[in-house]
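Predicted model follows, preceded by the sequence.
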Amino acid sequence: MKISLATLTLISSFLLTTTASVQGVESQVEHGYVKNNGVKIHYASLGTGPLVIMIHGFPDFWYTWRYQMKGLSNHFRTVAVDLRGYNLSDKPKGVDQYSMDILVQDIVSVIRQLSGPVDQKAIVVGHDWGGAIAWSLAMNEPDLVERLVICNLPHLRGLRRELSNNPEQQANSQYARNFQQPDAHNYLTAERLAEWVSNPNDRQKYITAFKRSDFESMLNYYKANYPRPPYTVDLRTPVIKVKCPVLMFHGLDDQALLPSTLNNTWDWIDNELTLVTIPNIGHFIQQEAHQRVTQVMRRWLLESSPSN
């Protein structure tokens, strides 16, 4: 396994590209749906070329990838999904409808319908819960994943270890324990969920998308999949190593997922790992540092590096 580690500082003079224009991206994308056991998953698509599947997290929707879609669309077909429960996708009831196995199968259905008839593979990009789904997809469906890009979501074993051993991570995960309470969705509003979006015009788009979403479904991700106390290190489940090359981005100011969760990630990957940490950037790195993320992602995807 080869490991390249880059720590990048966001200084304006260091940026080699200007901000990709995303004006009108909503009118440029093509919309479609894929079904998984009767549940419709909405996606937005831009560009032509090898398939890139982009998976958002909480609280978000397909539009979070607008910068990367625009920046990659000259070389790739970018497909950003709305996860079940969000925006234009279906919102099935019940915690069991949001187990990781089902969430992975949603993306499997998207890849199989949109990839070519011969080479049914995709580059998979995920942030937050989308990152958790992407990790799980790469581990359990390795033949479908050409390359893996993860934004601010540690390997699940790294998160579980820090929850077990790191009091700071335990304290910072209080939000997840709150979300696991039965009535937690009653305290959410579209406006509150969109508070993190800095641009007023974009914030209104988020509010509209969240009003279409189902708050209980959004929190079912935590109820079905997030570890619950007492936290323990998983020593029983066999390690399934990721077989494809991996690019990870992590904003070092992310308070929900501490940098220590990244330690030993290389132990769970049987291929090349490129880790890019960006100081003074928080959880939504694909937007907060969109220039740098898009630039590095495009360069990494266009490289013809060996997969072993």
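Great, that's in hand.

Strands of the stretch 201-308 of the chain, start to end?
Assigned by DSSP state E, counting those that start in this stretch, the strands in the stretch 201-308 of the chain fall at 246-251, 273-278.

Out of the ones you listed, indicate the one that is most buried.
Highest mean neighbour count of the strands of the stretch 201-308 of the chain: strand 246-251, a mean of 24 (counted as mean count of other CB atoms under 10 Å). C-beta here means a position set from N, CA and C on the backbone, and glycine is covered the same way.

The nearest residue to residue 284 once chain neighbours are set aside and residue 112, how far apart?
Nearest residue to residue 284, sequence neighbours excluded (CB to CB, 6 or more residues apart in numbering): residue 196, at 6.5 Å. Distance of residue 196 to residue 112, given as CB to CB, to the nearest Å: 33 Å.

go on, residue 104?
Distance of residue 104 to residue 112, computed by CB to CB: 12 Å.

neighbour count winner among the two?
Neighbours per residue (other CB atoms under 10 Å) separate residue 104 from residue 112, with residue 104 holding more: 22 against 13.

Where does that one fall, secondary structure wise?
In this structure, residue 104 is located in helix 100-114 according to DSSP states H and E.

list the helices and strands that helix packs on?
Helix 100-114 sits against strand 30-36, strand 39-46, strand 51-55, strand 77-81, strand 122-127, helix 129-140, helix 215-225, with contacts defined as 3 or more CB pairs under 8 Å, 6 or more residues apart in numbering; DSSP states H and E.

let's see it at 7 Å
Helices and strands touching helix 100-114, by 3 or more CB pairs under 7 Å, 6 or more residues apart in numbering; DSSP states H and E, are strand 30-36, strand 39-46, strand 51-55, strand 77-81, helix 129-140.

I'd like to know which of these is closest to residue 89.
When the helices and strands packed on helix 100-114 are compared by CB to CB, strand 39-46 sits nearest residue 89, at 4.6 Å.

For that closest one, C-alpha coordinates in CSV please.
Output of strand 39-46 as CSV, limited to C-alpha atoms (Å, rounded to 0.1, in the frame of the first residue of the first chain):
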residue,chain,number,x,y,z
VAL,A,39,-38.4,3.4,-3.3
LYS,A,40,-37.6,6.2,-5.8
ILE,A,41,-34.2,7.8,-5.5
HIS,A,42,-33.9,11.2,-7.2
TYR,A,43,-30.7,12.3,-8.8
ALA,A,44,-29.3,15.3,-10.8
SER,A,45,-26.8,14.7,-13.5
LEU,A,46,-24.3,16.9,-15.3
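
That one to helix 100-114, inter-axis angle?
Computed by axes from the mean of the first three to the mean of the last three CA atoms, to 10 degrees, the angle separating strand 39-46 from helix 100-114 equals 50 degrees.

pLDDT (mean, whole number) over strand 39-46?
The pLDDT scores in strand 39-46 average 98.

so it versus strand 77-81, what angle?
140 degrees.

List the contacts of strand 39-46.
28-34, 62, 69, 73, 77-82, 84, 87-90, 92, 106, 109-110 (CB atoms under 7 Å, 6 or more residues apart in numbering).

okay, the angle between that strand and strand 51-55?
Using the same axes, to 10 degrees, strand 39-46 lies at 120 degrees relative to strand 51-55.
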